[in-house]
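1. Need the 3D shape of this:
(one chain, ligands or ions: 3)
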Amino acid sequence: MKILGIETTCDETAAAVVALDDGDRGRILANEILSQIAEHAAYGGVVPEIAARAHVEVLDRLIARALDRAGTTLSDLDGIAVAAGPGLIGGVLVGLVTAKTLALVARKPLLAVNHLEAHALTPRLTDGLAFPYLLLLASGGHTQLVAVKGVGDYVRLGTTIDDAIGEAFDKVAKLLGLAYPGGPEVERLAETGNPERFALPRPMLGRREADFSLSGLKTALRIEAERLAPLASRDVADLCASFQAAVVDVVVDRVRVALRGFGAVAGHPTALVAAGGVAANGAIRRALAAQAGEVGLSFVAPPLPLCGDNGAMIAWAGLERLRLGLVDDLTAPARARWPFAKAS
Ligand code: ATP
Ligand code: MG
Ligand code: FE
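-> Ligands and ions are numbered 1, 2, ... in the order given. As a prediction, this is how the structure comes out:
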């Protein structure tokens, strides 16, 4: 089985081909990605109209290159998978219309994949992980703790009531005058800073529900930054380190609560998993690995290129759906919003 995956929900244009080998393991044959970071950098964030136009300009070429690198052709494929949401609707439409056209012309099944579900299933592609597992899904637009019980069977144990973790990293970076996207920059500077210099709040610590709140932390940081302005580079590094340390404490505490509630909805987890762009953060990865070890669980996070948005995860999610017969037709809608997990 061989699937093409297309991703255009945000600021990455991506196309990949993933195959299913004997023994049920996924194999990435091609994983092409073009980031639009340069187009959006001047604005300090993603501009939807610019994103949609940039996807139009490069997607055809990127798909051709992915097929080429994979040594395959359209007619060799078993299906066309595309992220049909959630995301910026202009970009989603570019990917979806392209996928529908290819599916129609090549007479292949269409798989309209939920972008978040694709992040959630990535550890099954990279590590062959079995269900159920506890997932921390953290990106620029989302922060959720989810019991992943099966394909299409997701129970949300917690979510953010304000900012997503990646969004908080990006806002802090902007506030400190750092480059966009902020997550990697904040992490890089945090490594040289003193995490104890600023006593920033740890919102929601100790709460019984596994929800997150990050806007208070971001505001506390802004107040410190304004108090110290103009900032020396030492101040910036210390603010980054103090912010990241607070985020790590909050994440570990929220995951602890979710692990406690996991059994009642899904039984015993096979692993603790981090996915989404924020899962690229080394401090968060190390803290979660230690925490998983303490309770006898393994910790799984995708390799860095598969943490952020990519085409391989879309192809893999399509593959998981296709082998269960969960095929879509050409009326599949593009969705700006599309919750993938049900409330617990
Ligand atoms: P969606 O929320 O729909 O998945 P997205 O484009 O935000 O969309 P990703 O590409 O998965 O999703 O994640 C990007 C986010 O991850 C950005 O907010 C970025 O700052 C954050 N991020 C990336 N690397 C790091 C890092 N090392 N530390 C912290 N945050 C990071
Ligand atoms: Mg992105
Ligand atoms: Fe994403």
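2. tell me which element residue 120 is part of?
-> Assigned by DSSP states H and E, residue 120 falls within helix 115-127.
3. again with residue 274
-> Using DSSP H and E, residue 274 sits within strand 271-275.
4. Report the buried residues of the helix or strand following that strand.
-> Moving toward the C-terminus from strand 271-275, the next helix or strand (DSSP H and E) is helix 282-294. Buried residues in helix 282-294, counted by 16 or more other Cβ atoms under 10 Å: 283-285, 287-289, 291-292. Yep, even glycine has a C-beta here, placed from its N, CA and C like the rest.
5. which of those are close to ligand 2?
-> For ligand 2, no contacts are drawn from the buried residues of helix 282-294 by Cβ under 5 Å from the ion.
6. will you turn those into a markdown table that also has distance to residue 155 and pLDDT?
-> Output for the buried residues of helix 282-294, formatted as a markdown table (distance: Cβ to Cβ, whole Å; pLDDT from 0 to 100):
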| residue | distance to residue 155 | pLDDT |
| --- | --- | --- |
| 283 | 28 | 98 |
| 284 | 22 | 98 |
| 285 | 24 | 98 |
| 287 | 24 | 98 |
| 288 | 20 | 98 |
| 289 | 24 | 98 |
| 291 | 20 | 98 |
| 292 | 19 | 98 |
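7. which one of the residues you listed sits closest to ligand 2?
-> The closest of the buried residues of helix 282-294 to ligand 2 turns out to be residue 284 (Cβ to the ion; 17.1 Å).
8. So the closest one versus residue 251, what's the distance?
-> In this view, residue 284 and residue 251 are 6 Å apart by Cβ to Cβ, to the nearest Å.
9. Tell me if the lowest-mean-pLDDT helix or strand in the chain is near ligand 2.
-> Taking mean pLDDT, DSSP states H and E as the measure, the chain has helix 37-41 as its least confident helix or strand, at a mean of 85. No. Using Cβ under 5 Å from the ion, helix 37-41 stays clear of ligand 2, with a minimum separation of 8.8 Å.
10. which outside residues touch that helix?
-> 11, 46-47, 50-51, 54, 179-181 (Cβ atoms under 8 Å, 6 or more residues apart in numbering).
11. Alright, calling it a day.
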